[in-house]
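How does the following fold in three dimensions:
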Amino acid sequence: MFDIERWQEIFDTIRKNKLRTFLTGLSVASGIFILVILLGFGQGMQNGIEHEFKQDAMTSVWAWSGITSKEFKGLNPGRRIQFNNDNFEATAAMFKETVEHKSPRIFVRNVTVNYGKESLVYSIQGINSDFQFIEGPKMKEGRFINYQDEISTGKVAVIGDKIKKDVFTDVDSPVGEFIEISGIPFKIVGVFGEMKDREEERIYIPITTTQRVFNGGDRVNSLSYTLPEVENFEQAVAQATKFKDGLRTYLQQAHIVAPDDNGALEVWSAMEEAKRYYGITNNMKLFFWFVGGCTIIAGVVGVSNIMLIVVKERTREIGIRKALGAKPWSIVGMIMHESIFVTAISGFSGLIFSMTLLEILGPHVQIDYVVNPSVNFNVAFSTVLVLILAGALAGLIPALRAAKVQVIESLREE
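Presented below is the predicted three-dimensional model:
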């Protein structure tokens, strides 16, 4: 039942102690505000990690060669490991049932690139048609390298969108234009876009053309693969780990590398890296919950202390109430009512302010590994409800103390 007299008493008490009530409410509101902002930052970190990994296929596995650092089977350290076509074909056959897409890659160096009279300084990479599904370039115009280009050693090229904007300013589309690589004309068949500008500063050509025209022999700089997607994240990580270990073992045996020589071969799995980052994010979220929780507890303790002071100040009034026939539960309800009211108003104020701030500023936050900080409203609202319950508990001890006030002793209070 709505008791207007009790609400009048609560507002009279607040008016008499404006500064004290404001500071108490501020401590509670700041607790919710800090918790929501920290949780938003934690979600922003998770969004940022997902954003980073979306640049490549989540199930991708990459292998690079390096220089041996240990003696093994009579071979001295310092050998440069060089992948080749046989390694790629062998892994493709060995992991036929496991691999979804696969591509070797070779970096073309010591060549000149020209468009008309303009000299271009961009990275040139030889790849096959599957590379589009591994690296994840999105076609904006034309097409990507295809299988026919590979088998015919076609003189075709796919350029990044940044190259188009920087160089091809006088044409509607660079598709169909020709660039010269060391004097050999290559027809542009497509333009791709990436999430980062530096990755749009690439020119892709068929790897067969790279090896034949630019004296690449059968050399390969890196091997890349994607695995089939599975619904369960842990299964995906286990699948990637098994494939990664199998690939590393084969390459170590093929190139006579010590099993513990990490400098000679590097095999990287996007799923394993994602698991590591997600683990860090989850730990950060737990830490944020802890910090925010401690801040809220501090605010609730402040409410409890203030209510103890209120009981002390109103001891004489409470005694008169009891003398006039007020029941103990009525006294308890009066104190708890005020405690819950202050906690609820403060909690919802902190919630509204923090959610509004995240809603306005969140979409514009895009720094490394932090993108669009946000908080699930249901989680934040549930936190405020828990806070209100805590506020009720905070007022319970002072309320019980008020209910035990002896009439005679309270009337003696000055």
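
Could I get the buried residue list for the helix or strand hosting residue 354?
With the criterion set as DSSP states H and E, the secondary-structure element containing residue 354 is helix 328-361. Of the residues in helix 328-361, 331-355, 358 count as buried by neighbour count, 16 or more other C-beta atoms under 10 Å. Where C-beta positions appear, they are placed from N, C-alpha and C, glycine not excepted.

What of stretch 222-239?
In stretch 222-239, counting by 16+ other C-beta under 10 Å, buried: 222-227, 236-237, 239.

Can I get these in TSV including secondary structure, pLDDT and distance to residue 117?
TSV is the format used below for the buried residues of stretch 222-239 (DSSP: H, G, I helix; E, B strand; the rest coil; pLDDT from 0 to 100; distance: C-beta to C-beta, whole Å):
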residue	secondary structure	pLDDT	distance to residue 117
222	strand	94	34
223	strand	96	38
224	strand	94	36
225	strand	94	41
226	strand	92	41
227	coil	91	46
236	helix	83	50
237	helix	85	52
239	helix	89	51
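
which strand of the protein spans the most residues?
The strand that spans the most residues within the chain, counting by DSSP state E, is strand 184-193.

Skip ahead from that strand and say which helix or strand is next.
Scanning forward in sequence from strand 184-193 by DSSP H and E, the next helix or strand is strand 202-206.

and that next one, which strands flank it?
Strand 202-206 has the following strand partners under DSSP bridges: strand 123-127 (parallel), strand 156-160 (antiparallel).

Can you check which of these gets nearest to residue 296?
strand 156-160 (49.2 Å; C-beta to C-beta).

Dump that closest one to CSV, restricted to CA.
Backbone C-alpha positions of strand 156-160 (Å, rounded to 0.1, in the frame of the first residue of the first chain) are rendered in CSV as follows:
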residue,chain,number,x,y,z
VAL,A,156,47.3,-10.9,-64.7
ALA,A,157,47.3,-8.8,-61.5
VAL,A,158,45.0,-7.9,-58.7
ILE,A,159,45.7,-4.6,-56.9
GLY,A,160,44.7,-3.1,-53.6
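
That one to strand 184-193, inter-axis angle?
Put simply, strand 156-160 runs at 40 degrees to strand 184-193, going by axes from the mean of the first three to the mean of the last three C-alpha atoms, to 10 degrees.

And the contacts of strand 156-160?
The set of residues external to strand 156-160 that reach it, using C-beta atoms under 8 Å, 6 or more residues apart in numbering, is 122, 137, 142-145, 149, 174, 179, 181, 186-194, 199-206.

secondary structure element for residue 379?
Short version: residue 379 belongs to helix 377-403, going by DSSP H and E.

Any regions of the chain where pLDDT drops low?
By pLDDT under 70, the low-scoring segments of the chain are 1-3, 5-6, 9-10, 49-57, 195-197, 307-326, 328-333, 366-369, 397-414.

Recalculate using a threshold of 50.
Within the chain, the stretches falling below the threshold (pLDDT under 50) are 1, 410, 414.

And the residue nearest the centre of it?
To find the centre residue of the chain, average its C-alpha atoms and take the closest one (C-alpha atoms, centre = their mean): that gives residue 46, at 2.2 Å.

what about residue 220, how many neighbours?
24 (other C-beta atoms under 10 Å).

partner residues bridging it?
On DSSP bridges, the residues paired with residue 220 through beta bridges are residue 83.

show me what contacts it?
So residue 220 contacts 83-85, 87-88, 104-106, 207 (C-beta under 8 Å, 6+ apart).

Kindly report the same for residue 230.
Residues in contact with residue 230 (C-beta under 8 Å, 6+ apart) are 236, 239.

Just to be sure, it is in a strand?
No. The assignment for residue 230 is coil, going by DSSP: H, G, I helix; E, B strand; the rest coil, so no strand is present there.

so how far is residue 134 from it?
With distances defined as C-beta to C-beta, to the nearest Å, the gap from residue 230 to residue 134 amounts to 18 Å.

Please apply the same query to residue 94.
When distance is defined by C-beta to C-beta, residue 94 is 18 Å away from residue 134.

And those two? Which one has more around it.
Neighbours around residue 94 and residue 134, counted as other C-beta under 10 Å, are more numerous at residue 134. The numbers are 24 against 13.

in what helix or strand does the more buried one lie?
With elements delineated by DSSP H and E, residue 134 resides in helix 131-135, which encompasses its position.

could you check the distance from residue 110 over to residue 218?
Using C-beta to C-beta, which is the criterion applied here, residue 110 is 18 Å from residue 218.

the more surrounded of the two?
Neighbours of residue 110 and residue 218, each counted by other C-beta under 10 Å, are more numerous for residue 218; the result is 15 against 7.

would CSV of the buried residues of stretch 222-239 with distance to residue 14 be doable?
Formatted as CSV, the buried residues of stretch 222-239 follow (distance: C-beta to C-beta, whole Å):
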residue, distance to residue 14
222, 69
223, 71
224, 66
225, 67
226, 63
227, 63
236, 56
237, 55
239, 61
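
Looking at these, which is nearest residue 26?
Once C-beta to C-beta is applied, the member of the buried residues of stretch 222-239 that ends up nearest residue 26 is residue 237, at 45.2 Å.

residue contacts, that closest one?
Going by C-beta under 8 Å, 6+ apart, residue 237 touches 271-272, 274-275.

if you set the cut-off to 10 Å instead, what comes out?
With contact taken as C-beta atoms under 10 Å, 6 or more residues apart in numbering, residue 237 is in contact with 59, 230, 269, 271-272, 274-276, 278.

Using TSV, lay out those together with secondary structure and distance to residue 379.
As requested, these are arranged in TSV below (DSSP: H, G, I helix; E, B strand; the rest coil; distance: C-beta to C-beta, whole Å):
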residue	secondary structure	distance to residue 379
59	coil	30
230	coil	28
269	strand	31
271	helix	27
272	helix	29
274	helix	23
275	helix	23
276	helix	25
278	helix	18
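
can I see the domain layout of this structure?
In terms of domains, the chain is parsed into 4-52+277-411, 102-226 (source: automatic domain parsing).
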